[in-house]
Each structure stands twice: as C-alpha cells, then as structure tokens.
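**Student:** quick one, structure for this:
(chains A, B, C and D, ligands or ions: 4)
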Amino acid sequence: MDAILAGTLLASTLRVATPLILCALAGVLAERSGVIDLGLEGKMLFAAFAAAATGSLFGSTVVALLAGCGVAVLMSWLHGFATVSHRGDQVVSGMALNIIAYGLTAVLAIAWFQQGGQTPPLGDGVRLRPLWPEASATLGPVVGEGLFAHNALVYVALLLVAGVSFFLYRTRLGLRLRAVGENPNMVDAAGLSVSRLRYLALTLNGVLCGLAGAYLVLAQSAAFSPNMTAGRGYMALAAMIFGRWKPVPALAACLLFGFLDTIAVRLQGVKLPHLGELPVQAIQALPYLLTVVLLAAFIGRNVAPAALGRPYVKEH
Amino acid sequence: DPAIVYDMGGKFDKSFNEAAYRGLQKWKKDTGKPVLEFEIANETQREQALRRLAERGANPIIAVGFSQAGAVEKVAKEFPKVGFTIIDMVVKHPNVQSVLFKEHEGSFLVGVIAALTSKTGKVGFIGGMDIPLIRKFQCGYEQGVKYANPKAEIFVNMVGTTGAAWSDPARGGELARSHFARGADVIFAAAGGTGLGIYQAAKDAKKFAIGVDSNQNYLQPGTMLTSMVKRVEVSVYDALQAHKPGLQILGLKEDGVDYALDQYNEKVIAPEVKKKADEAKADIIAGKIKVADFMADPTCKY
Amino acid sequence: MNDHAAHPTPAPPLAVRMAGIRKRFGPVLANDDVTLEVASGTVHALVGENGAGKSTLMSLLYGLHSPDAGTIEVFGKPAQLRSTHDAIAMGLGMVHQHFMLVDSLTALENVMLGAEPHALLARAERMVRPRLQTLMESTGLRVDLDARVGDLPVGDRQRLEILKVLFRGAKVLILDEPTAVLTPQEAQHLFGVLSALRSQGTTIILITHKLDEVMRLADRVTVMRGGRVVHECSIGDTSPAQLAESMVGRKVNIGRPVAQGAVPGEVVLEASGLKVVDAMGVTRLHGLDLALRAGQIVGVAGVSGNGQSELLEVLSGLRVPQAGSVRLAGETFAPTRWLTPRTARRLHLAHVPEDRHARAMVLDFAAWESGILGYEGLLCYSGGGFLRRRRMREDTRAMMERFDVRPRAPELASGNFSGGNQQKLVLARELGQAPRVLIVGQPTRGVDIGAIEFIHGQLRQMREAGCAILLVSSELDEILALADRVVVMNSGRITGERAVEACTEAELGLLMAHTEAPKAEALA
Amino acid sequence: MSAPALPRWADVVLLPLVNLAAALLIAGAVMALVGQDPREVLSLMAKGAFGTLRGFSYTLYYTTTFIFTGLAVAVAAHGGLFNIGAEGQATLGGLGAGLVALWLGAHLPAAVMLPVMVLAAAAFGAAWALIPAYLQAYRGSHIVITTIMFNFLAYTLLVYLLVNVLKAPGSMAVESAPFAPSASLPNAQEVFAWFGIEWPSSPLNLSFLLALVAAVLVYAYLWRTRAGYRLRTVGASAGAAEYAGIPPAHQILIAMGISGALAGLVGVNEIAGVNRRLLLDFVAGAGFTGIAVALMGRNHPVGILLASLLFGALFQGGAEVGFEMPQFTRDMVVTLQGFVILFSGAMAYVLAPYLSRLLHAIPAVAKRGAT
Ligand SMILES: Nc1ncnc2c1ncn2[C@@H]1O[C@H](COP(=O)(O)OP(=O)(O)OP(=O)(O)O)[C@@H](O)[C@H]1O
Ligand SMILES: Nc1ncnc2c1ncn2[C@@H]1O[C@H](COP(=O)(O)OP(=O)(O)OP(=O)(O)O)[C@@H](O)[C@H]1O
Ligand SMILES: [Mg+2]
Ligand SMILES: [Mg+2]
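**Tutor:** Numbers count the residues shown, from 1 in each chain, chains lettered A, B, ... in the order given. Ligands and ions are numbered 1, 2, ... in the order given. Below you'll find the model as predicted:
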C-alpha cells in the first residue's frame, strides 16, 4: 500500500515538475546571458497552442513538437529584438509577450476551430504515451510506476538538465554565455558579439519553452484550452531564482514544487491527526507557504548574474 | 429583441454557459430573430453589460450564472419595464425571473450510477473551486453514491483557488490520475474547462468519467459514463419564448436536471444500473427519497 | 589615400596612423581633428588632462566606437574597424582603464575567452595552458591561472589583462593608465616587461598621467587637451615641465614642495587592536593600532590588498571589526556598538572612498543629487524632511567652481563626468563639510596632474586648518609629497612607521614588499 | 545606430503616439486576419472610451485602479525591488476595506467609516507586502519569488474567508453581504448630484481623486523629500547607500510598505467604490497591468497617469466593441493591450532613430534640435 503511495507520488511529482523543469532551464539560459525572461508563461502557452493546433491538423507528433518550439523561438527572438537589439525594458517585454500569448492564442483558436478557444483533442497516435506502460507490473510500484512509466518528454527534460549544465560549464559557448551575463563589456572587448551570444541563449530558451508547452498538450492533456498554463511559467521563474540560476539546483526546486503540489492534492479531505480535516484552501496554500518558508530558512542571498536586466550599451 | 450575458467561463465552456448558448441558438433557428450576446471579462462588466443591453432596448435580458445576481438586482430596479432572467440565483424583484436547478438531485443520480458501475467501490469527485455551487454537486453526488453502496469510498479534490481553476485541464488530468491511483474507477467532474483534462485522463486510464451541466458524453465516447445535465438550454429557450417573472425551481420532476443517456454511452451503462438509476429517479420525484440540499443545510447531513 | 597629414611620415613604417579623427558624445566633442602616428616597434605616450579625449581616441582605434570622421590605418592598411573583432584581427590589443575581466571566472578562462581553441573547455584549457606558460616565461608576466579573478590582487589582474592581449597575438599594445592601480614595485616590473616587449618588436601606445613614466619609457609623446592634439614630439626634445605645461596650458609645479614644519595637535582619532576577518575567513587586519593627530597627515603605504581597504572601511564605519576599538571625539566604539557612517559624519569624520563608482556617488543621479550624498540629513539640505533643491543645486555649483569640475553642469548625470572630475566633485563634497578627521583612499587615482596639484593643495590646506588626515595611496610619491608620518602596511600589519623626513623610497619599498611580516621596527 | 537624438517634445509626445499607432496597426492586422474590420473596431473603441460621458467615466474608473497598481510597482522599482505582487496586495487591500465595512459598517457614519476603510485597505496591502520585504531585507529571500507566492496565498485566503466566513448564508454567490450605505464610497453620479449636476451612473467614484492625490504624494515623496532621496539612493546603488549611512534593509521595508499600501488602495476603488460588497477576483490582473503601466510611464507619476488612462481606455473601449460586435471577443481586447505594451513599452525606442532622421530632415526641427 505505502509502496504504491510512494510510487504514485513519485510519478505524479515527475509529471507535474516536467514543464517547470523545461521552463526553468530556459530561464537559466536566458538570464545567465543577462536577459531577464518573464515571458516563460507566454511562450509556453503559445507553444502549447501551436502544438495542439498543428497536431490536430497534421496528426503528427513531430510536427506538433516542431511547431511548438518554432513559435516559442520566434517569441524569444521578438524578445531579443526588443531588448537586445533595441535595449527595450526586459521586464515589460516579457509581460507583453505573456499578455499577447494569453489573448492571441484564444483569438486564433476561436477563429480557426470555433470551439471557444479549445482545439480539437489529439488522437492517441499524436500524443506522447508512456514508453513502458507495464513498468509497474514488472518493476513494482515504486521504481516501475514511479520512474519508468513516463513518456519520452519527462526523460528528455531530465537529460536536458545534464545537457544544459554541460553546455554552460563545459563548453566554449557556455563560457561565453556566462561571461556575457556577468560582464558584457569584457566580452565585447574580447572581440565577441554580445547580441549574437544573447540571441543564441534566447533561441535555446525558446526551444525549451516550446517543449514545455508541447508537453502540456501532448502528454498531460490532449487539447489546448485558453490560459491552460495557469501560472506555471511564473512558478518556473521562481524555481529558477530559487535554484540560483543554476540548472541542477533549479531542477531540485522544480521537483520540490512538484512534490509539494502532489502532497497537497493527497491531503485534501484527509483527516490529519490532532488537526482534524483542514479546510481545502489551507491545503491548497501549503505548497506556496512551504516554498516561502524554505526560501527564508535555507537559501541565503540569491546571486543573480551581474549584468542581469541591464541592456548592453557600447558606450562606457 | 432579447439579449443574454454569459458568465466568466464564456459561452464555449463546454458546460454551463455553453448550455445556455445552445438554447439561444435553437431559439434563433426556430424564430429567426436576432439575439444580443456578451461575455463578461471582469466583475464590473456584469452591471455595465446589463445596463448597456437594457438601454439598447433588449428585452428580456438573460443573465447566466449566480455571480450576476448583484448586477441584475441593481439594473432591474433601474429598468422596471425590462424583463430579466437570472439563472442559478434568486433575485426578488417584480420584473425578474429567477431559475434555480436542483443540481443535488441530478448529482444524486449520477452518484448512484457511479457507485453501481464502480468495481473497486471507490469513486472520485473533482470540483473546480471550493464554492457553494460545487459543494451542492458534491453533496448530492455523495448521497447518491452512499445510497447505492453504503461502503463506497469517495475521494474529493478541488482544483484551485484562482480563476484558472476552471481552465486547467493539465492539472485536472493530474488530479484524476491521483484518484485512479488510489483505486477510484469513476470520477464526477464539476470543474468547467478543467473537466476536459479529467475526461482525457479517464480515457487514458480506461476508467470512467462523468460530465456536468451539458451532455458531455460525446467528448470521450466509451469512457464517459454519463453526464449530469442541467437543462439550462431549455429554461433559456422558455425564457426567450415567454418571460414570466418569479421563481422557478427545476428538479428531476420538472426535467430540469437529469443524467444523460445517448448513443455515446448507452453501451457503457449496464441495463441493471440504468434500472436502479431510473428507480431512484422515480423515488426522488415521488418524494420517497429526500436528497439533502447543501444550500439548505451546509453540513450536508443525510 | 589621404596626404593631408599634419606631419611628414617618419622613416620607420607606421604601426598606427589616425588622421582627422572626430568623435562627439552628445554635447561633448571628445576628439576633434586628432592625428596620431605611431612608428612600429616604439613606445608612444599619450598624455593629457582628464577628459582630454585619450581613452576615446583609443576606443576608436580599438573599434569600441566608430569615429564620426577621419581615417585609421594599421600597418599601412586602411582599417574599417566595425568592432573589436576587426581590431584584434588587425593585430591590435587594448588593456582598458577599467579592467575587462569576469570576476567569477578563473584567470585561465578570462584569458581564453573569445579565443578558445576548442569547443570543449577542458580540451581548450589543456591546449592553452602550455602556450600561456611559455608566454609567461618569456614576458615575466606571472599569474596563478586557476585562481578566480575576483580573488586576485590588482597587480595580477593588470598582468592578466596584458597576457590576454598578447595571447591573442597583438602586435600593437594599447595601455590606458596601466599603472594607476599598481605599486611602485609592480609598476617597475611592468616597465621591465614593456621594454622587453618593445625590444621584441611590439608597438606600445601608453596612456598615463605620470610624466616620469613617459620620460622613462616612451620614444615619442603626444599631448592632448580638450579633444585636440596640442603637442607631439620625441622624448629627447622635451621635459616633464614642458609636457605638464602643454597639457594643462599653464605652469604647474610638480614634485614635492618644501615641507612646512606643521606642529601636530592632540590625538583626535585613536584605533587600537583592530582585527578584521573577511567572509572567506581570511584575517585582513591583525590587531592594528593607529592614532591620528590634528593638523597631521598620516600616509599609509603598501601594496594594495594588504588591508588598507579594510582599514578605511573600519574607520569610516562601513565595516564592523571582529575586535578592537576606536576613540573619536571623546566617544569610544567597540565591535558590539561600532560607529556607523552616520555617527562618523556627526562626529565630523569625512571619508573619500577608494572606489568612487561603487560608493562615492550614485552614477545615475544628477551631479547636484550626488553632491550631497551622505549629508542629505543636514538641516540645510532637508529642513522638515523636504529636500531644499535650490540650495543643493547652488552648493553643487559652488563646489564645481571651487574644485574646477568640468563640465560645470549640476544637472548632468554623475556617471557622465570623466574619472578625474568625479573625484574632484567627491572631494569638494567631503572637504566642504570642514571635517575634523578626514579619511582618504586613493585621492588622485586616474586624475591628471593639474588636478593632482590642486587636490594636494586642498589636502594641505585641510591640514593647516587642523584637520587630522589619514591618506591611503598606492602612489608612493603622493604619500611622500603629502604625509607627515608614513605608515607601511603589509598583510594586515603595520610593518613600519617613519617620520616623512626619515623615509627613502627604497626602504619603504622594501617594507611594503616584505612577504612575511617583520617586527614593527623603529617606532620613532 | 548613431541617429541624432530626438528633440525632447518629440521624445515625450510624438514618439509615444507613433508607437501606439504601430501597436494598433499590428493589432488591426490580427483583427483583419480573423475577419474583423479594424477601422470599425478602432472607431468603436475610441467612441466607447471617450465618446460618451458614461463611457469616459468607465475609462476613468479603470484608470483609477491602474494608477494605484502602477504607482505601487514604480515605488518598489525606485527602491530597486521588483514587486510582482501588487495583485495579492490589492486583494488584501480589498479584504481590509471589506472587513471593516462588514464589522463596523452598521455602527459608524460614512464620514468616519470611509477614511477607516481607506486606512484599512492601505494597511492590509502594506502588511501583505511587508512580509516578502522583511524576508528580502533580513533573510535574502528573493522578493520576486516571495511576491509571486504571496499572490497565490492572497487568492486562497480570500476564497477561504468568503466561502467559510463572510458568505451571506443560503446564497450561492461567493460574496459577502452588501455593505451598509455608510460604507460605500460615493460614485460620480452621487457626487455630481450634490451639486445638482446630471451624471450618468458608472463605477467611477471618489477614489479617482484619491488616486490623483496618491500620484502627487508619490512624486513629492520620491523627489522632494529626504526619505525619498534615501529610497532612490538604495535603489540606484547599494554601495553608495551604505557609504552614505542609509541602511538598505530599512529602505526595502519602506519601499515595499508604500508599494503595498498603494496597491491595497485598489480595494477602495473596487470594493468600497464599485461593488460595495466583498467578492472574488475583483483585482482581475490589475496588479500585472500595473507592471506594464509603471514601466511605460517610466516609473514617473505623470507617465503613470497617462499610461493608466491609455489602459483604462483600452479596457472600456474593448468592452464597448464587444457590445457592438459579438464576434469581437474579450480575448481580442487582451491581445490589443499586449501589443500596446510591446510597442509603447518594450520596443519604445525601436522607431526613435527613424523618427528622428525624419524630423531632422525637416530644417525647422533640425534647428530646434541643435539648440
Ligand atoms: N560614453 C560617453 N558618453 C558621453 N560622454 C563621454 C563618453 N565617453 C567619454 N565622454 C566624454 O568625452 C570626453 C573625453 O573622455 P575620455 O574618457 O576620452 O577622457 P580621458 O582623456 O580618457 O580622461 P581620463 O584621463 O580621466 O581618462 C570627456 O569629457 C568625457 O566626459
Ligand atoms: N530572475 C529574475 N527574473 C525577472 N526579473 C528579475 C529577476 N531578478 C530580479 N528581477 C529584476 O531585477 C530587478 C531587481 O529585482 P530584485 O530586487 O528582486 O533583485 P535583487 O535586488 O538582485 O535581489 P537580491 O536583493 O536578492 O540581490 C527588478 O527590477 C526586476 O526587474
Ligand atoms: Mg581615460
Ligand atoms: Mg582616467
């Protein structure tokens, strides 16, 4: 019984955390290069729409994934155009992208599918199914159900954590990326193009957001519906800061959020010792409350990239 | 010509507002008369919308959803000649028609069906937000379940506390999975757009889900056990036909609520289950079964 | 292409030729029809007051900005320098006035950045390390390649900058005030390196405010004033005095004036047993004792990074020591209740911090706002909690007049003044409050000699007025020119104290250089 | 790109208009794409927002809320903090106003009641902001995260109280009982009636004046007082603040306290002024719009007033279009707002160089620009 419980909690934690992980990684890339990205939410939402729309039109997972990433990358480039090329305010740009995505996805969905913003549900052929559904049967509830009964994107997300940290800390480009987030003047003086590096970061950021959005419609549910990201982008942002702009700690933060959420779901309507049955809202508040408590208790000052949020001006 | 103001969910919410929308469409088709429509974007617009429509001479004006009560009350005073209809809420005013539904009765029936269909004796309820209307569904549902199987276990979850709770299919699916993981094999969803995720999860897990408000059986044929339909379209249609001020309470007897049976789910509802459900229905109508109404008794004792 | 050059081209081939260069920053004409010709294999000095346009000219040569008019040739080839990339490709390398390093990265990573030979860092490092080793051997520029730059002393950073440039195979080396932050020893060493490089055929353009350096190292010198070239000659045909005159446009007396026999008054600030342990757990001050007397300037000499900064911070209330105490104006402060910057000011202690950008002013405030920083609490600036803005503007303008801050623009953002002028504004603010104790860090770092002369004069006046002054400077001659007593600091200890008359540069140099702390000897 | 700088008047007046036009152009393209006539939409919008007295009143009503949240974000920004939590602080402000109204409404006369409600709203908002501020100041917990979390917590708290404590028994609606008359802020119609002036009924109420006063006070505080000087110093340079003897921690608390209080005043407008009962979702994203407003207004009260008016007009105009053209959904309005924020906020200076080249082609301007 408890094994089953553990298994399902673990499984659910991973499922819930996956989009957060992908977005948090996207955030790490952008902000390590010195570009604040409040637009995670919007990119994820638009990617979800694109994936759902193309998926239902062409009935192909690959097309859906490509469309999702493509749209998110385009939005990242728009962010870059506004903030990197023209030194616009990075926070406003991010907000703008979120709001545009929120409205435009609905407008287009209504116009193209006449289902009040929903897209037609995707067939099982298109959706991402667990790679190894019988895992729990063979490996038992904890390992099997918990770890091995997931769809490809879950594992991709986990691999990408390793991938991004390798990229950041072990490769030439990663080095340059970190440098441009700390001291763009120096990077410029070294004969590298600050904007080219930041665009690169934003491109990768877009791809990751695209995957996150696609995950929502290809794996977690089967169709797009307006505002379906429901604040996940902001949670991812929080996770990224929580993880001090580093991939692995960010992963930990996402898993923590996912776990707290899963626990909260389980606690609803349960009679707790001494306390009795807590009001639903108290349980629902738990994850947010605990996040704040943990933040206050363990995490010291966050060390943001030195040049974060400052548009690079050649003068000075 | 008449007008209708939808609630936040929007006219395509696949459930409550959409039912009203269908009623309106039908009336438009039958009469060929135009109808003004408006979707609320924020609290202030409720009153603004009603007033604007009244000023443009719309009559009657139908306000869908309990949240509109305040606005209706105010505007109805300003326009005594215009007939208003409020759904899901009572506004006492000479020119206002209030339509209430006995959701608890309908929920009772689908509870019965759920309990009888469940092999594990465990069923789930997922509500959008912890608000009275949803508790009313939950209360009726629980009674129905216990009535059919006193030993049945019921898992209850609310999706969230923000507006997003009604449009978060991903989270809905996650909640459904957690119910299934705990052994539930039927889930009644009263969560607006979030329901879509729940029905999908049920399909993926080859378990059953029960729709709400509109007949949602067609969404996932084969795993949609049934839907607790609230005949909003009918009352909207009638209101458009002939607006009669006063209070209307529509239950099983008045055919205001019911469980849906159509080509999409006739195969999944076992005959004896259907038989039991119809008996219960008859008993409720006959008053043999008293279904407690959460609004009357917030503790929902039964 | 263009033959309207100011001078006939000298015999040796030109490494760099800039002609008719013009650059405008908003209202400021930073470079106006500037012509600069640098023969290859020579050291060419570029001197001028703060804001003369030296850095700007070099940033144009290095492709950081593009000129509004004029042509640039490098080794005879016309250069279209759209970016630093082009400049580097043409064999140019620049060591900037402000370090261009990423503190969070290692020295090696900083050197490699932009020139990594392999996509994988580990590989790249393995390829680069030996090449750097040999380079360090041949030039004598030694740095710990695996240290975080943030932890390196300034000297090492300076060396690192040059290494970086040479590693990219620069044939023309541009140095913008390289010795501004170096100790005499380090500067000495640097010059050794530079002349070695010259003999290896490297061309060097050297921006500096120190004329002795020019005389010592340069072959030719160009003097700029107000964005124009006012003088250009070979070192043989000039003298420091002449250079100084053409820089400032008037006679300046440089070097040490005859010391006035000022009689020191009573002790006004007495620190004892100051102990500071930094975040890393390194002890920066080992129970340090110090006394400041009215009408006396105590100069603190020492290789930067030996605790001088901590000493300044502790005495000005910016940092609480782990142990020790300080007596100021009759009040005694212990770590449990250390003096704060505010109390310090209340007790008439003024502080001119080392790092003017990070502390002394708010770069994006208007000058008149930065002009009262720290004194905003005074009644005259904020009676009844409201700012007296007219008063603030007037006072700032007055400060600018008194200290000849250019441009005289109280409305201009503090950050848009050139380094020297920022410094003058800060001094004007702090001296303006007629303090009884004055704590000064690097008062003339990066300041031109005209201004230096002026600032030194002001400090001497303060002393005459009976102010007790603590002067921390990495410029030995500055200390010798100002101080009455000289204190040498080495790794957090006072390794020697002398009356200025008893000092020789050589001896002080030795005391500063000592790695292990000797007994604090000969406390006269 | 080294185009000559724009003359001030063009930078302040012309450029924003050009940007707005660009935004409308793109949005128009989208409308055309989904088969609506942009020209009709825009003219309806303008008419809806400014054409009638009532429409204008609605515009000003929305403006009021945005002024509050915009100022809130701006004050925090001047303290170097990113207050993404105006949403939650506004929610708490409404709660504060609502609670005192429900508890004391019956006993206190309006003259006492209303000031108390204003204070309560400000106090609750400030308190909700001060917790994250304290954690940032003394625990280093990043205020961006904590304020996000506190938004969720605020919604949750409100739902709990409304459903389990404040809800009028037997009612389906998730809202408190209506306030006593003494606890409702007079709206424009009532106010003008005192002077015998006919005014259409609208949600516009006295808190609009409160917002204007708040804007003036914020300006005076930030740029005219010592306290404001210190706050801006900390925001602009922590090092300089330390040197000047200004403890950053205190300023963080002050900045967020004021910020939260301003956000809380949204509650006065929405709860005391308009709905006159406590209900769910009355903030409706105004906290986030406030971020855009503040940054478009370059964190200056005057700019914020203008930006708020612009957004008020978009909200009201959009609604009016919705009445006239049913196929014009609310999402279209949201999209339009998004484009306006993008062009007038984020890409504000994209068009500047071209514009200035254009202007400097005109000799008269070139002369003026040179002086
Ligand atoms: N990016 C800039 N924006 C505006 N003005 C500038 C900029 N850079 C330099 N200036 C101005 O141009 C003039 C020349 O500056 P520059 O830095 O070249 O002087 P400098 O000779 O290097 O002075 P210093 O000896 O203090 O380094 C100064 O008046 C300075 O204020
Ligand atoms: N990771 C982030 N993503 C988005 N915006 C951010 C982020 N971090 C900071 N902000 C931006 O940086 C500015 C400063 O915000 P904030 O004060 O929270 O950071 P901080 O002062 O560096 O925090 P800390 O005091 O922990 O160093 C804000 O204007 C905001 O726009
Ligand atoms: Mg310079
Ligand atoms: Mg200088």
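**Student:** assign B:Val99 to helix, strand or coil.
**Tutor:** Under DSSP: H, G, I helix; E, B strand; the rest coil, B:Val99 falls in the strand class.
**Student:** list the residues that contact it.
**Tutor:** B:85-88, B:235, B:239, B:248, B:250 (C-beta atoms under 8 Å, 6 or more residues apart in numbering or on different chains). For the C-beta atoms, the positions are set from N, CA and C on the backbone; glycine is no exception.
**Student:** only the buried subset of these, as a PyMOL command please.
**Tutor:** In PyMOL syntax, the buried subset of the contacts of B:Val99 is picked out as below (16 or more other C-beta atoms under 10 Å in any protein chain shown):
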select buried, chain B and resi 85+86+87+88+235+239+248+250
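**Student:** for the contacts of B:Val99, could you give me JSON lines that also reports distance to ligand 1?
**Tutor:** Below are these laid out as JSON lines (distance: C-beta to the nearest ligand atom, whole Å):
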{"residue": "B:Thr85", "distance to ligand 1": "68"}
{"residue": "B:Ile86", "distance to ligand 1": "66"}
{"residue": "B:Ile87", "distance to ligand 1": "66"}
{"residue": "B:Asp88", "distance to ligand 1": "65"}
{"residue": "B:Ser235", "distance to ligand 1": "72"}
{"residue": "B:Ala239", "distance to ligand 1": "71"}
{"residue": "B:Gln248", "distance to ligand 1": "75"}
{"residue": "B:Leu250", "distance to ligand 1": "75"}
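**Student:** need the contacts of B:Val99 in TSV (columns: distance to chain C).
**Tutor:** Output for those, formatted as TSV (distance: C-beta to the nearest C-beta, whole Å):
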residue	distance to chain C
B:Thr85	59
B:Ile86	55
B:Ile87	57
B:Asp88	55
B:Ser235	64
B:Ala239	63
B:Gln248	65
B:Leu250	66
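**Student:** among the contacts of B:Val99, which are located in helices?
**Tutor:** Here DSSP state H is the test, and the contacts of B:Val99 give B:235, B:239 as lying in helices.
**Student:** now flag whichever of the contacts of B:Val99 is closest to chain D.
**Tutor:** B:Asp88 (6.0 Å; C-beta to the nearest C-beta).
**Student:** quick check, pLDDT for the closest one.
**Tutor:** In this model, B:Asp88 is scored at 90, pLDDT.
**Student:** quick one: it from ligand 3, how far?
**Tutor:** 74 Å (C-beta to the ion, to the nearest Å).
**Student:** now that residue: closest residue in space that isn't a chain neighbour?
**Tutor:** B:Phe66 (4.3 Å; C-beta to C-beta, 6 or more residues apart in numbering or on different chains).
**Student:** do I have it right that that neighbour meets D:Ala173?
**Tutor:** Yes: assessed by C-beta atoms under 8 Å, B:Phe66 is found in contact with D:Ala173 at 4.9 Å.
**Student:** who touches both of the two?
**Tutor:** With C-beta under 8 Å, 6+ apart as the test, B:Phe66 and D:Ala173 both reach B:Met89.
**Student:** which residues of the stretch 251-400 of chain C fall in strands?
**Tutor:** For the stretch 251-400 of chain C, the strands defined by DSSP state E, counting those that start in this stretch cover C:267-277, C:283-293, C:297-301, C:323-328, C:331-333, C:349-352.
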